[in-house]
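# My questions are about this predicted structure, shown below with the sequence.
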Amino acid sequence: MPAQVRRNDFDFALRSLKELSPDSNAMLLAMISVQAAQLGDQDAADKWLQRQQTGFLKPPFNVRSETVLNNTTYILATSAGFLQNFLYGLSGLRITDQGLATQYSPVMPAAWNTLLLRNMAFQGKRFDFILERDASGHVRATHSH
């Protein structure tokens, strides 16, 4: 997909989100954060990641609800969506015919220097995936087996 089409889709999703409801579904917020990361928009990826933190965790066990205003818990998709921010958003990873591969440059929230995805398993192999910010602010990805 051309970059401008991807950006237009993202902008349309943001407009639609405003029109739909002030009580957004957690999975929708995750998808927007992943899309922002894919666009290389570090600030928007962080903003939508942070939106998934406020009000979704419900006592007494801090399980995620479907929306902030409802108590529909425990929905696996809301937790899976939160994890997808890291696995398919910030990391730049995608599952391809060749295996798990970086498909776009990784991003991290500006306040972070390192993100470690520990003991990931794919196609019978285990590895750690590490995002690190260098002195110039560039985020680079490495992995270890």
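Arrived safely, thanks for sending. Residues are numbered from 1 along each chain as shown.
# sec struct for the residue nearest the centre of the chain, please.
Central residue of the chain (Cα atoms, centre = their mean): Asn85, 1.5 Å from the mean position. Three-state assignment for Asn85 (DSSP: H, G, I helix; E, B strand; the rest coil): helix.
# hang on, isn't it packed against Gln50?
No. Counting by Cβ atoms under 8 Å, Asn85 sits too far from Gln50 to count as a contact (10.3 Å). In this view, the C-beta of every residue, glycine as well, is placed from N, C-alpha and C.
# how about low-confidence regions in the chain?
Screening the chain residue by residue with the criterion pLDDT under 70, one finds the ranges 19-21.
# Next, count neighbours for the residue nearest to Ser24 when sequence neighbours are not counted.
Take Ser24 and drop its neighbours on the chain: the residue closest to it by Cβ to Cβ, 6 or more residues apart in numbering is Leu17, 6.1 Å away. Residue crowding around Leu17 was assessed by other Cβ atoms under 10 Å; the count is 16.
# show me what contacts Leu17?
Residues touching Leu17, when contacts are defined by Cβ atoms under 8 Å, 6 or more residues apart in numbering, comprise 24, 28, 32.
# Would you mind writing the ChimeraX command to select the buried ones in those?
Buried residues within those, as defined by 16 or more other Cβ atoms under 10 Å, are selected in ChimeraX through the command that follows:
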select :24,28,32
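# Redo the contacts of Leu17 as CSV? Include distance to Pro106 and secondary structure.
Below are the contacts of Leu17 laid out as CSV (distance: Cβ to Cβ, whole Å; DSSP: H, G, I helix; E, B strand; the rest coil):
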residue, distance to Pro106, secondary structure
Ser24, 25, coil
Leu28, 23, helix
Ile32, 18, helix
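# which one of the contacts of Leu17 sits closest to Lys58?
Ser24 (16.1 Å; Cβ to Cβ).
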